[in-house]
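Novice: Provided below for reference: sequence and predicted model.
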Amino acid sequence: MIELDRVAYSYGGAELFSNVSLTLAPGSFQFLTGPSGAGKTTLLKLCYGELVATAGHVRLFGKNVRELQRDDIALSRRNIGVVHQDCQFLDHLSVAENVALPLTVAGRADEASEYLEDLLSWVGLRNQAGQRPPELSGGERQRAALARAVIISPDVIIADEPTGNIDWEMSQRLLKLLVELNRMGKTILLATHDLNLIRQASKMQVQARVLRLMNQRLHVAGVDL
Ligand SMILES: Nc1ncnc2c1ncn2[C@@H]1O[C@H](COP(=O)(O)OP(=O)(O)OP(=O)(O)O)[C@@H](O)[C@H]1O
């Protein structure tokens, strides 16, 4: 699905990490952890083609990002649902309109009504459909962001610290939704600081791999980290 092959990334002259190799195999569930500032968000952006590696190769669905035109990258990205750390809603639109936005942008707005109600029920936000994003709680915002990420039925879901600002109960609820998606065959990459979340996933019998970005390298870690 997505492959990073000996990838490095620098902002300006400062190298953030190098020699990072990572494969998102179909149906896999991987956690990305590591200290603040290690470069987790940057690594996720490389995985969904938002940034281009300063060295090494990134392949999205078999195609080298360096050889893709901007439009081709945009097409590949339609198969990757991203849950951003700060959700990135349009506050003047309703929750339902925000969730439907990827379909609207893809010119498939007419399909939105088919899924929207079911999807909002699945994330427990059916009653909040008409509200504006600023009226939602932190946990509700993250669930709305997850609904928006999956409305276009991507094969891959990349979530950047989706439980960063929400309580444990809400974090577990969000994790459960991601586990359900994984059981449906979706490939998940989830960046988190929260080691309890990783332990919780192992209790839910998820075959998750834990990757730790630290000291400029990516390491495979155990859940007891
Ligand atoms: N656009 C940018 N220009 C310059 N430096 C940047 C840019 N974006 C991020 N950085 C720097 O790169 C480093 C890694 O940032 P990144 O957000 O990828 O780390 P992170 O591991 O996700 O951190 P956190 O866990 O705190 O979210 C940080 O020092 C950050 O300040």
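Specialist: Happy to help now that I have it.

Novice: give me the three-state assignment for the most centrally placed residue in the chain.
Specialist: Compute the mean C-alpha point of the chain, and by Cα atoms, centre = their mean the closest residue is residue 158, 1.8 Å away. At residue 158 the chain is in strand, as set by DSSP: H, G, I helix; E, B strand; the rest coil.

Novice: my guess is it meets residue 83, correct?
Specialist: Yes. Between residue 158 and residue 83 there is a contact at 7.2 Å, judged by Cβ atoms under 8 Å. Yep, even glycine has a C-beta here, placed from its N, CA and C like the rest.

Novice: quick one, the lengthiest helix in the chain and strand 156-160 angle?
Specialist: Counting by DSSP state H, the longest helix found in the chain is helix 168-183. If you take axes from the mean of the first three to the mean of the last three Cα atoms, to 10 degrees, helix 168-183 sits at 160 degrees to strand 156-160.

Novice: in helix 168-183, what's buried?
Specialist: 170-175, 177-179, 181-182 (16 or more other Cβ atoms under 10 Å).

Novice: so what's residue 113 up against?
Specialist: With contact set as Cβ atoms under 8 Å, 6 or more residues apart in numbering, residue 113 has no partners.

Novice: can you give me the buried ones in the helix or strand harbouring it?
Specialist: Assigned by DSSP states H and E, residue 113 belongs to helix 112-122. Going by neighbour count (16+ other Cβ under 10 Å), the buried part of helix 112-122 is 112, 115-116, 119-120, 122.

Novice: residue 91 contacts residue 134, doesn't it?
Specialist: Yes. The criterion here is Cβ under 8 Å, and residue 91 meets it with residue 134 at 5.6 Å.

Novice: ok, then the element right after the longest helix of the chain?
Specialist: Next along from helix 168-183, by DSSP H and E: strand 187-191.

Novice: now the helix holding residue 113: average pLDDT?
Specialist: Looking at helix 112-122 alone, the average pLDDT works out to 85.
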